[in-house]
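S.K.: the sequence and its predicted three-dimensional model are supplied below.
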Amino acid sequence: MILHHWGDIEYTKARKRMQEVHTAACNDGENHLILCSHPTVFTIGSGTKESFEVPTIRTDRGGSITCHSAGQQLFYFCFDAIEPARFYQKVLRAFEHFFLQYLEGVYYDKEHPGFYIQNRKIASLGFRYVNGVSLHGVALNVDVDLALHSKVPPCNLEGIVPTSLHHEGVYLHHNRVNKAVIEAIKEHFNESV
């Protein structure tokens with residue numbers, strides 16, 4: 001697995017660079033994991049028809065509206081996904097492993113893809129698959145401005161509010177979060193770095 005640490009990067013620039021990494025993954029047969037964060041932006045998935053009161057950027061991932069901001073960690077996967085369902089299950093198991101270590105009560109909702117604690121959404125998932133390789137990934141709220149993220153309900157779901165690791169009492173530095181998630185991904189994809 002090849003790691004790409006991009007730090008804080010504007011969403012459209014990251015999307016362009018992710019396409020370049022995706023092309024590399026299609027050619028080199030390696031799995032590439034991108035770690036980054038974005039300045040404040042609301043993105044909407046390709047199948048979303050709603051309009052919103054906040055400025056949005058349309059993207060080609062699945063899912064509805066997602067807020068990205070400082071304090072959120074992005075894990076973008078350009079991984080072998082010849083079998084998308086199997087790939088997706090490995091992603092879920094990796095993040096379930098992470099949450100089992102640090103935060104009880106987190107569950108995955110298949111109907112509204114994401115990780116939740118009761119009615120509070122802590123992580124969003126959205127993927128696309130091109131030429132047997134995945135694009136996009138998982139947005140994990142580590143220590144975000146919940147007032148900002150509440151401007152639109154997560155994924156536009158009624159009765160759902162955003163939360164974060166810090167809001168739930170888990171005070172992990174971003175570096176520790178990244179390390180733990182990378183280890184979980186390596187384990188569930190049988191990868192080495």
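M.R.: Done, it's in. Numbers count the residues shown, from 1 in each chain.
S.K.: mind listing what's buried in the biggest strand by length in the chain?
M.R.: Using DSSP state E, we find that the single longest strand of the chain is strand 120-130. Within strand 120-130, the residues that count as buried by 16 or more other C-beta atoms under 10 Å are 120, 121, 122, 123, 124, 125, 126, 127, 128, 129. Every residue, glycine included, has its C-beta placed from N, CA and C.
S.K.: what packs against the lowest-mean-pLDDT helix or strand in the chain?
M.R.: Least confident helix or strand of the chain, by mean pLDDT, DSSP states H and E, is strand 56-58 with a mean of 85. Judged by 3 or more C-beta pairs under 8 Å, 6 or more residues apart in numbering; DSSP states H and E, the packing partners of strand 56-58 are strand 41-44.
S.K.: which element, helix or strand, includes the residue nearest the centre of the chain?
M.R.: The residue lying closest to the centre of the chain (C-alpha atoms, centre = their mean) is residue 138, at 1.3 Å. Secondary structure assignment for residue 138, by DSSP states H and E: strand 133-141.
S.K.: and that strand with strand 120-130, angle?
M.R.: Using axes from the mean of the first three to the mean of the last three C-alpha atoms, to 10 degrees, the direction of strand 133-141 lies 170 degrees away from that of strand 120-130.
S.K.: C-alpha coordinates for strand 133-141, PDB please?
M.R.: Provided in PDB are the C-alpha atoms of strand 133-141 (Å, rounded to 0.1, in the frame of the first residue of the first chain):
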ATOM      1  CA  VAL A 133     -10.000   0.700  -9.100                       C
ATOM      2  CA  SER A 134     -11.900   2.800  -6.400                       C
ATOM      3  CA  LEU A 135     -12.100   6.500  -6.000                       C
ATOM      4  CA  HIS A 136     -13.100   8.800  -3.100                       C
ATOM      5  CA  GLY A 137     -13.500   7.300   0.400                       C
ATOM      6  CA  VAL A 138     -14.300   8.100   4.000                       C
ATOM      7  CA  ALA A 139     -14.600  11.400   5.900                       C
ATOM      8  CA  LEU A 140     -14.100  11.000   9.600                       C
ATOM      9  CA  ASN A 141     -15.000  13.900  11.900                       C
END
